Each structure stands twice: as structure tokens, then as C-alpha cells.
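Chemist: Turn this into a structure:
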Amino acid sequence: MARTAHPAVRFCALPSGQAHTRSAGPETTVLRIHFGPEDLGRVRLAPGPDPLAEAALSLPVLQSRDMGGLGLDGWRRRTRRELTPVTRPALELAPPGLGEYLPEAFLRGGGTSSLEQSLECVWSLPQPIWSAELECALEYRPVPRWFGELHTCEREIVRLVDRAFRAYYDTAIAPYWSQITACVAADRTRRIRLAAEHGVEHLLATLNPTVRWEPPVLHVPCMHGTGFHTDYHDVYLNGRGLTLTPSFFWPHPTARADSADPGRPIDLCYPVALELATYQSVLSPGDGGEKDRVGQLTALLGRTRARVLEEAAAGCSTVELARRAGVSPASASEHATVLREAGLVMTRREGPAVRHSLTPLGLALLNGVA
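Modeler: I've put the predicted structure just below:
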């Protein structure tokens, strides 16, 4: 199970023999991640957002305006208005506030391409992971009465939670998923370029305004207080490395360690949306609606090229892009090249294939943002 370090939440110290701690009072808590000689070469960027993880991370954000603030207000109003009672178990799993426990079994999808795949990964987790998840949950806060049954994989509770996440995702995440993946892809591409041009240390130094790189230590704030006192927690990677995982909804850098497998890399989840304009461009429903937006794109780009731009928002290979747009792979490649030269699409190589996604400009055009 993964345990979380974020504002007002316990951090599970990794070296054996260290106790769990909870920061209290006005101090600022900082997690210090110590890199060894091998760890800089073992920094990895996650391939993209996982649909189930984003849904889980958005649950406390939906229920608390203190998280994400003004930029998410419109999304909160629309989502709350459309939620049904079926989603209640999901909301109970992740109540509002940074100080509450987050159901981290649902953050383990690892960048799967669909909610279906993510849920399959969760329900197939081995029992030791569920046991560790339950132990950590009970340490953090009172949990729903049915929580223990979920972690013993009682069929009826699993069915209810599965339905809750599916219904919540359809309402809160699915309408914006192509924009979210495009936003994350643009951020990932930019960071890969930074690392290639300036090195991994520059990547760490520019990860987030609140994160500080002082070689060989990465300082990640876990709780912001009045600043009268700073409490530090030290974690030594010892060769296991660090995975950088982007998130659209989670507003603060968050470090997670896997207590079911201490040898796994530390996962550092960081927000890709830092400005109001980013939230608005991704989550705005558009004045003219989906139909008008598609019509406007068609008039500007032509029907086929507009379709290619729209399908590239979710990120896909040339073959997938051709299938989704209903054209040949050669035609899809030609259209993608034109859109790339116009600054609307970015392409990166993944082994023998290439993967297309939208640039921020392409995303803005798709969303109808001036």
C-alpha cells in the first residue's frame, strides 16, 4: 500500500525503526528526499494520468473549495449538480480536506488507458496490499462501517464501490478527459525537453514552485504553517529512484511510499495546473457546446483534420489515430504532420511507434479558448 505525505497528513517514514508522525501546531513540515549516486539516473516521468487515480484525487477537491480554489469552482458546481446517490461510497472513501486519508489502493493504475483497466488492476491487487491499505486507513481516521469488507474483497461492497467510481467518473472526469490528457501530455513533453537540454537536476529544480532542489536533497513541503518552526522528515532513496507522476486535480506535491514493497521507487505526484487559465482552458464547457465547437473546427481545418485534432487530444499512436479518425495510417500521419508544423500537435517516439498529443495551443483551439 502507498502512504501519503501531504499537508496535515501523516508521512510514513521509510527507514526501519522510525515511527509514524503527525505534524501539529503552527510549524511547517518539509519532507527531505535524499538522492544517492544512482538515484538521479533512476528518476522517471510517469507516462500519463490514470483515469481512476485522477477520479480518486479529485474526490476531496470536489468537496473542499480550499483545494484548487477558484479555478475549479465551475467544475465543482456542475459536478455536484449532476451527481447521483450511486456515487456516495466513493465520496465517503475520500472526504474533504488535505488532512484526511486518501484511498490509495485506487491510485495504483499506473497510467492505464481506461477506467475499466484501472478498476481491473485495483480489484486484482493481492491480499497483502489490501491488508496494508486497511491498516493505514485505520491509523488515519474513522472509516465507513463497510470499509473492512471492501478490503476483504466482500463481493457486494466491491460491486457498490465499483459502481460508485464508474458513475462518478462519468459525471466528473469523462467530459474533460481528453483535455486533461492533453494538458498532462504538454507538461510531460516540456519536462522531457528540459531534462534533455539541462539535465535531471534542472527537472527537479523546476518541478513546482513549492519544491526546492539543493543537491543531493529534494525538499517537498508537507504542511504549510505560520513558519514559526520547521519540522523535517528525511527519506533516503538508496538506489530505488523516484517516479514523477503528474495530476491535474491534486493541487499540492505529494510523496507516497509503498509499504507493501519497500524496494519500489518513491512516487512524487505533482500538479500540472498552476494557473487559473489552465483550469479554465481544460474544464470550461464552452459557450457554444460540443456541437458548435466541432462545427467551428471543421470550418477552420476541414472535416478530416478537425477530427484528427480532436482524436489526438487523448494521446494515441498513428495507427490508433487513423482508426479513431476513420482514415488510413498514411493519411493520419500526413494530417498529424500538418498540425504539428502549426504548433497544435506534438509527437514523441515510444520504441518503434510514435505517439501524438495536443500542445497547449492545440488544446486551447479544441476548447474554443481565445
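
Chemist: Could you confirm residue 120 falls within a helix?
Modeler: Yes. Counting by DSSP: H, G, I helix; E, B strand; the rest coil, residue 120 is found in a helix.

Chemist: Break this protein into its domains for me.
Modeler: By the assignment in automatic domain parsing, the chain contains the domains 2-9+24-277, 286-367.

Chemist: Can you lay out those as a markdown table showing mean neighbour count?
Modeler: C-beta here means a position set from N, CA and C on the backbone, and glycine is covered the same way. A markdown table is the format used below for the domains of the chain (neighbours: other CB atoms under 10 Å):
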| stretch | mean neighbour count |
| --- | --- |
| domain 2-9+24-277 | 18 |
| domain 286-367 | 18 |
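
Chemist: Wait, a helix at residue 245?
Modeler: No. Counting by three-state DSSP, residue 245 is not found in a helix; it is strand.

Chemist: partners of it in the sheet?
Modeler: When bridges are taken as DSSP bridges, the partners of residue 245 come out as residue 269.

Chemist: low-confidence ranges in the stretch 151-300 of the chain?
Modeler: Low-confidence segments of the stretch 151-300 of the chain (pLDDT under 70): 223-230, 259-260, 281, 284-299.

Chemist: Run through the helices of it in chain order.
Modeler: In the stretch 151-300 of the chain, the segments counted as helices under DSSP state H, counting those that start in this stretch are 155-168, 177-198, 200-205, 276-283, 289-301.

Chemist: The second one - contacts with which helices or strands?
Modeler: It refers to helix 177-198. Helix 177-198 sits against strand 43-45, helix 200-205, strand 242-247, helix 276-283, strand 345-350, strand 353-358, helix 360-367, with contacts defined as 3 or more CB pairs under 8 Å, 6 or more residues apart in numbering; DSSP states H and E.

Chemist: Quick check: which of the helices of the stretch 151-300 of the chain is nearest to residue 71?
Modeler: Closest to residue 71 of the helices of the stretch 151-300 of the chain is helix 276-283 (CB to CB; 3.1 Å).

Chemist: Sort out which residues of the closest one are buried, please.
Modeler: Using 16 or more other CB atoms under 10 Å as the test for burial, helix 276-283 gives 278-283.

Chemist: Show me how far it is from its chain's centre.
Modeler: Between the centre of helix 276-283 and the centre of its chain there are 16 Å (CA atoms, centre = their mean, to the nearest Å).

Chemist: Averaged pLDDT, stretch 334-341. What do you get?
Modeler: Average pLDDT, stretch 334-341: 89.

Chemist: What is the distance between it and the centre of its chain?
Modeler: In terms of CA atoms, centre = their mean, the gap separating the centre of stretch 334-341 from the centre of its chain is 28 Å.
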